[in-house]
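>>> missing the sequence, but the structure's below:
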């Protein structure tokens with residue numbers, strides 16, 4: 001896997017398509033297609049069509065039940081497409097017959113050559129809520145966003161625990177579970193406020209953002 005966070009994208013002869021216009025804006029070169037978060041288009045040059053992308057009935061049901069998975073649009077045409085999300089930092093990954101698990105709200109765009117699905121974190125029952133993530137696999141470009149400058153953790157060095165809302169993406173080969181703090185009254189996490197974290201073990205990495213992300217506005221009665 002190659003990525004801007006690994007520093008191994010330059011001079012590797014990778015196919016075009018995704019380019020960082022700057023640290024907070026992605027430029028996608030068409031003709032081709034791209035799947036992107038709805039509302040992330042800030043500009044385009046050329047001729048393009050934008051359509052809702054549901055991913056099929058199965059994925060729609062998973063989204064409805066879990067609340068996971070960004071609302072996607074499929075963009076077709078020719079020209080240059082510019083994407084951004086609340087001026088968050090953008091990071092590129094190029095998968096080569098590999099997989100990447102992404103927190104749905106951090107997924108900005110990916111090429112349709114990749115397949116995607118919504119999967120539950122091992123050890124997290126339906127009652128846990130929010131512990132579902134989007135997995136993309138295959139060969140192609142993926143762009144993710146982080147709220148602030150992230151840190152890259154090597155889970156092979158030692159057991160790694162991350163607040164569920166701060167975990168941006170991770171290697172699919174990692175063993176992932178749920179860790180519950182013994183002192184259940186300890187509000188140690190920045191995300192949910194609960195004494196629960198994602199636990200990572202094995203060979204692979206976890207990308208962690210500097211906060212739990214923008215606050216989610218709750219509906220008032």
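Yep, that arrived. Since this is a predicted model, take the numbers as computed values, not measurements. Numbering: from 1, shown residues only.
>>> starting at the chain centroid, how far to the helix or strand hosting residue 199?
Mapping residue 199 onto the secondary structure by DSSP states H and E places it in strand 196-201. Counting by C-alpha atoms, centre = their mean, to the nearest Å, strand 196-201 is centred 17 Å from the centre of its parent chain.
>>> What strands line up against that strand, and which way round?
When pairing is defined by DSSP bridges, strand 196-201 lines up against strand 160-162 (antiparallel), strand 175-180 (antiparallel).
>>> Just the buried positions in it, please.
Of all the residues in strand 196-201, those buried under the rule 16 or more other C-beta atoms under 10 Å are 196-200. Just so you know, the C-beta spots here come from the backbone N, C-alpha and C atoms, and that holds for glycine as well.
>>> Throw these into JSON lines and include distance to residue 81 and pLDDT, thanks.
Converted to JSON lines, those look like this (distance: C-beta to C-beta, whole Å; pLDDT from 0 to 100):
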{"residue": "196", "distance to residue 81": "38", "pLDDT": "75"}
{"residue": "197", "distance to residue 81": "36", "pLDDT": "86"}
{"residue": "198", "distance to residue 81": "32", "pLDDT": "91"}
{"residue": "199", "distance to residue 81": "38", "pLDDT": "93"}
{"residue": "200", "distance to residue 81": "34", "pLDDT": "94"}
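>>> before we move on, back to that, quick one, which of the strands paired with strand 196-201 is nearest to residue 97?
Evaluated over these, closeness to residue 97 peaks at strand 175-180, with 20.7 Å, by C-beta to C-beta.
>>> can you pull the buried residues of the closest one?
By neighbour count on 16+ other C-beta under 10 Å, the buried set for strand 175-180 is 176-178.
>>> where does the chain dip in pLDDT?
Counting by pLDDT under 70, the low-confidence segments of the chain come to 11-12, 55-70, 122-130, 181-195, 212-221.
>>> Please repeat the previous calculation with a cut-off of 80.
Low-confidence regions of the chain, defined here as pLDDT under 80, cover residues 10-13, 54-70, 120-132, 180-196, 211-221.
>>> before we move on, back to that, closest one to residue 136 among the strands paired with strand 196-201?
strand 175-180 (15.7 Å).
>>> Pull the distance from the closest one to the chain's centre.
Centroid separation for strand 175-180 versus its chain: 19 Å, with C-alpha atoms, centre = their mean.
>>> Columns distance to residue 25 on top of the buried residues of strand 196-201, output as CSV?
Compiled in CSV, the buried residues of strand 196-201 are given as follows (distance: C-beta to C-beta, whole Å):
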residue, distance to residue 25
196, 34
197, 32
198, 29
199, 34
200, 30
